[in-house]
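1. Structure for this input, please:
(chains A and B)
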Protein chains: 2
Amino acid sequence: MRTHHCNQLHHSNIGETVTLIGWVNSNRDHGGVSFIDLRDREGMTQCVFRPEENSAAAELAKSLRSEDMIQVTGKVEERPEVDGVSTVNPDMATGSIEVSATELNIINKSEVLPFQLDKELSNEDMRMKYRYLDLRRTRMTRNLRLRHRITKSTRDFLDEDGFCEIETPILSKSTPEGARDFLVPSRMHPGSFYALPQAPQQYKQLLMCGGIEKYFQIARCFRDEDLRADRQPEFSQIDIESSFVNPDDMHALVEGLLGRVFKDTLDAEIPASFDRMTWHDAMNTYGSDKPDRRFGYELKDLTEELKECEFRVFSGAVANGGVVKAFNAKGFAGATQGQIEKLTQTAIEAGSKGLAYIQVRDEDRSTWRSPFVKRMTDAEVEALREKLDIEPGDLILFGAGEWETVCEVLGRIRLCCADLQEVLKDNDELNFLWVTEFPLLGYDEEEDKWNAVHHPFTRPIPEDVPKLIEASKADLEDESQRYAGLRAQAYDVVLNGYELGGGSIRIHEAELQSAMFTALGVTEEEKESMFGHILEAFKYGAPPHGGIALGLDRLAMLVCGESSIREVIAFPKNNKGMDIMSASPAKVDPLQLRDLRIQSTVKEKTPESV
Amino acid sequence: MRTHHCNQLHHSNIGETVTLIGWVNSNRDHGGVSFIDLRDREGMTQCVFRPEENSAAAELAKSLRSEDMIQVTGKVEERPEVDGVSTVNPDMATGSIEVSATELNIINKSEVLPFQLDKELSNEDMRMKYRYLDLRRTRMTRNLRLRHRITKSTRDFLDEDGFCEIETPILSKSTPEGARDFLVPSRMHPGSFYALPQAPQQYKQLLMCGGIEKYFQIARCFRDEDLRADRQPEFSQIDIESSFVNPDDMHALVEGLLGRVFKDTLDAEIPASFDRMTWHDAMNTYGSDKPDRRFGYELKDLTEELKECEFRVFSGAVANGGVVKAFNAKGFAGATQGQIEKLTQTAIEAGSKGLAYIQVRDEDRSTWRSPFVKRMTDAEVEALREKLDIEPGDLILFGAGEWETVCEVLGRIRLCCADLQEVLKDNDELNFLWVTEFPLLGYDEEEDKWNAVHHPFTRPIPEDVPKLIEASKADLEDESQRYAGLRAQAYDVVLNGYELGGGSIRIHEAELQSAMFTALGVTEEEKESMFGHILEAFKYGAPPHGGIALGLDRLAMLVCGESSIREVIAFPKNNKGMDIMSASPAKVDPLQLRDLRIQSTVKEKTPESV
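-> Residues are numbered from 1 along each chain as shown, chains lettered A, B, ... in the order given. Have a look, this model is predicted:
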């Protein structure tokens, strides 16, 4: 239907007769001659309809409107001079030529569009309802093609390294660990349900037991969670598992993979290896397990320096076994009252009772604005100056209390300051980091129960393997201390403050896995019914193994320079889990439910009951 | 954990100290020396534990059993001569060397396996329950790696051709066309359901409307059908859609793709282009819409020749407007009584009342065994001889009646004969074929209704487009004739009698699509509620487009030389839709159902009610 695409014709094609097909991007009339920018996926070509070439076609061309689908045949010509001025368009790849049309075939007329394609549209519902039009925008087409390039590069890289892509089931089994499952009623086994996988975690470990050694999959995963922020009920991950590896091997693999992806998509060079930081150091220094290190504002410990401070918030916290920490938001002394309120609000939401800060006007401490600086000794102030590198114009923000809470509060305020100060404006750095040695288990006070921080298959670091067993038998008064401090052989890869992915070395011994389930409060009966197959699999010479999963949607979002994953998904759901375009989810035929032997417990409002 | 894999060491490594890791494949003791074949994914290496190297390790090695996971360090040595005889094993890639072990690290002991890995196991339930062990067999590992190679080659080929892989939703919308949907209750929208996609058909067409032009996806599809034969509730297809194409373009694309796949996997050359045959010719000549042309047995028409035959089965059929057809199963005159019964049974199952046949003993017709040959004139017998190329030893099989039924019956008998005669034994031909011009619509007598033969988005061949509109308005007595004879711009690609895939050029105009829905009995209200978005999408300059879907599981099965798709799927379901390994589907926590606002209507037997 075409001889060339719309971004292909150059000076060298002049004189050729060509056929193009595409959408009318614009139609301008100049003295009875129609100038049509014809658009396809690759670009645009100007087609000119002159009455002297084909009067019927020229007449028809006048009627063309935006997004009509047409086929044009004509001769490639140099763009002429008009009144001595060149009409060459240097901003267009095909800008030196035009097609002098001799034939026009209208293939599919377009009605008036619900919105213009060359303007940004803030009404997201409208964009989603007409997603098939929204995707015609250059930006969206580019995003989808970049996403394709990411997955292709990923597959090329892993294939070259001997990894084998293996599809695991979507009709899977519900397990109570983790988030809420989507369920699928089974018609053949009435009363039973499949679950959509939250991740192929168990399958990939079973593949290791099956001797596959190097597995990967770009896997669809499902979580039936309330969709705060930028989440999707279904998402994709680059899922990797390998036998006979240690964390260094996995780090090198992912560094190579991401290097390839950023090279192939953006032609960007990233570091051959990424910095590493333990979870403890990341929390302690940046107040986050996924620190954005493109700016400083590092948290400093002032526990020792302020333990006797007259300001009770500080000394009281230390007396209770807590810490005092602070960071210096350089140059932000001039924060407005509104900004200070925003920071205070952030601190409170993160678990603090308020926000202690100092606005540093001048060298002289007497000029410092703060409710408590007057109650500090000179020595204390000097300690601050030194540890926090205080200069006129700085804003110092404090936290005091239990270490992890203080870190988290200051971590959030740190990001909020950077945001308000726009310190990252026009920053195009790609800052990668490995965060390692996460806690193995976390204590849930409400339920008086330990949960896996990563997941129940994560291996402790070697020295903590015996401690896990010992801890389970220890006679303790304070249950919240039982597994405290145990570290996991887990690692997250972080890019610019986003968690790109996470993984771990796994448990491969039935006994240790069973002990881990016990620690998590899984009963012997549940172990058998829910995890029996994997505990059994570990009994037949299961190999040591580990892996990682990278969030494809987020990776694509960062590569495309977008701020929402919805911009890199062809047909996303909205934040209520709906596809507005196809109106899904939807009511179904009652016969379908009868076949599945289920019924809805939602009472339909009948006309009588209203 | 290793310096080499187990298929890597050669003569050139002699003298090196290496570390290997893997499974104990076998352990033979010869005079206090343990000879262990150590196996990993790539192959095997013989490790020898001699007391003089490390007596503790040698002692430990004696205790090793099959499938123990061990790590061995030692020196690569030439295999010695024993009593003047070389111990080199030429059948083993590493057969010229052995590793003289100095260290042994037992990583994970194995219990006694439920079955032996080096023997075929006919108990499929057992294989599926311990799939993680079953996958350790060389054949299974090879199958999964070949499947990976197929998908990788597919992606390489399509990427090089400008196709963009795009993921479409799994949480999709139920449509009443086609097979039964799997449903997913929505928690956020109680009483509403997602459906798992039977294919991404509408999404890929919407991507064409979105200007993507060249889409593909290795897509997971779901059909809640009763699982006869070799079906799976979830399966994968190579899903392709392209704008601005005609059937020739799609054929060339698929020919190139399959050429690449067979080259990359089996190093096999296949024809650069495949023969084409209309559906009518395929049915008429082979009695199948997916003919296996690796053997002859072509159906011949004898309607004219036997229209006055004294044998009423033939002449009566012709008098009723039917046909008489036959084929020659060369050399099968000696079919046993049991084989003839099997053929008759096949004919009856396919819709015939019985089976008419002639066993040709000798040239002389008097020697022919048949209940009806005596009632044929010499001219009729001569016509048979000529059209069917009859020679002594042949078996001639007949069908008489309505054309399509006769074709189908003979087509099935044809395959059955070939099977009984083992004509394809040791045949490694790859016989590809395009079947084209399928009927557009098929009449369902029971429901007095027309159904789409391919699917409702299939375009009629150009000359039949106006006929579709006309037919819908025609004033007819016999509803079963309304759309008879309309042909679709559809095509199937067939390999050795298997349908590898099928596709079509699609409708891209809202009006024609609406007319097609009308022909299928879709009401105006249903058009809006179920297909509103695609009808709407066609109004904005939708491009002409077409596509195809190839069954990945079947393609992998044929490439691997397997006879069941379960052999090329890592974790298949059994024919009751169950995963025996993880015991899925399964009962779920009643709280999960409460959250989803559904309940099962299956009555649980309580102890009281039993």
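
2. From B:Pro247, how far off is the closest residue to chain B within the stretch 1-150 of chain A?
-> For the stretch 1-150 of chain A and chain B, the shortest gap (Cβ to the nearest Cβ) falls at A:Leu135, measuring 3.1 Å. The way it works is simple: take the backbone N, C-alpha and C, and place the C-beta from them, glycine included. Distance of A:Leu135 to B:Pro247, given as Cβ to Cβ, to the nearest Å: 26 Å.

3. ok, those two, which is more surrounded?
-> For A:Leu135 versus B:Pro247, neighbours defined as other Cβ atoms under 10 Å in any protein chain shown are more numerous around A:Leu135 (23 against 20).

4. Identify the residue nearest that one in space, chain neighbours excluded?
-> With Cβ to Cβ, 6 or more residues apart in numbering or on different chains as the criterion, A:Leu135 has its nearest non-adjacent residue at 3.1 Å, and that residue is B:Gly210.

5. How about A:Asp595?
-> A:Arg187 (5.5 Å).

6. What is the neighbour count of the one you found?
-> Neighbour tally, A:Arg187, other Cβ under 10 Å: 21.

7. what ranges of the stretch 151-300 of chain A fall below the confidence cut-off?
-> Applying pLDDT under 70 to the stretch 151-300 of chain A picks out residues A:176-177.

8. mind listing what the closest residue to A:Lys109 other than its chain neighbours touches?
-> Distance criterion Cβ to Cβ, 6+ apart; nearest residue to A:Lys109, sequence neighbours excluded, is A:Asp68 at 5.4 Å. Counting by Cβ atoms under 8 Å, 6 or more residues apart in numbering or on different chains, A:Asp68 makes contact with A:23-24, A:106, A:108-110, B:541.

9. if we can go back for a sec, mind listing what the residue of the stretch 1-150 of chain A closest to chain B touches?
-> For A:Leu135, the contact set (Cβ under 8 Å, 6+ apart) comprises A:141, A:144, A:570, B:207, B:210-212.

10. what's the distance between stretch A:259-276 and the middle of its chain?
-> On the basis of Cα atoms, centre = their mean, to the nearest Å, stretch A:259-276 is displaced by 17 Å from the centre of the chain it belongs to.

11. What residues of that stretch count as buried?
-> Using 16 or more other Cβ atoms under 10 Å in any protein chain shown as the test for burial, stretch A:259-276 gives A:259-262, A:264-266, A:270, A:274, A:276.

12. Please apply the same query to stretch A:46-60.
-> For stretch A:46-60, by 16+ other Cβ under 10 Å, it's A:46-50, A:53-54, A:57-58, A:60.

13. Mark which of the residues you listed are part of strands, please.
-> Among those, the ones falling in strands (DSSP state E) are A:46-49.

14. Tally up the residues packed near A:Gly256, please.
-> Look at A:Gly256: counted by other Cβ under 10 Å, it has 16 neighbours.

15. How about it: what's its closest non-neighbour residue?
-> Closest to A:Gly256 by Cβ to Cβ, 6+ apart is A:Phe157, at 6.7 Å.

16. Contact partners for the one you found?
-> Each residue near A:Phe157 by Cβ under 8 Å, 6+ apart is listed here: A:256-257, A:260-261.

17. With A:Val72 instead?
-> So A:Val72 contacts A:19-21, A:36, A:38, A:47, A:99, A:101, A:103-105 (Cβ under 8 Å, 6+ apart).

18. Rebuild the residues you listed as TSV, extending it with secondary structure, distance to A:His280 and pLDDT.
-> Converted to TSV, the contacts of A:Val72 look like this (DSSP: H, G, I helix; E, B strand; the rest coil; distance: Cβ to Cβ, whole Å; pLDDT from 0 to 100):
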residue	secondary structure	distance to A:His280	pLDDT
A:Thr19	strand	66	98
A:Leu20	strand	62	98
A:Ile21	strand	61	98
A:Ile36	strand	64	97
A:Leu38	strand	60	98
A:Cys47	strand	65	98
A:Val99	strand	65	97
A:Ala101	strand	69	97
A:Glu103	strand	72	97
A:Leu104	strand	70	97
A:Asn105	strand	68	97
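
19. among those residues, which are in reach of chain B?
-> A:Ile21 (Cβ under 8 Å from any Cβ of the partner chain).
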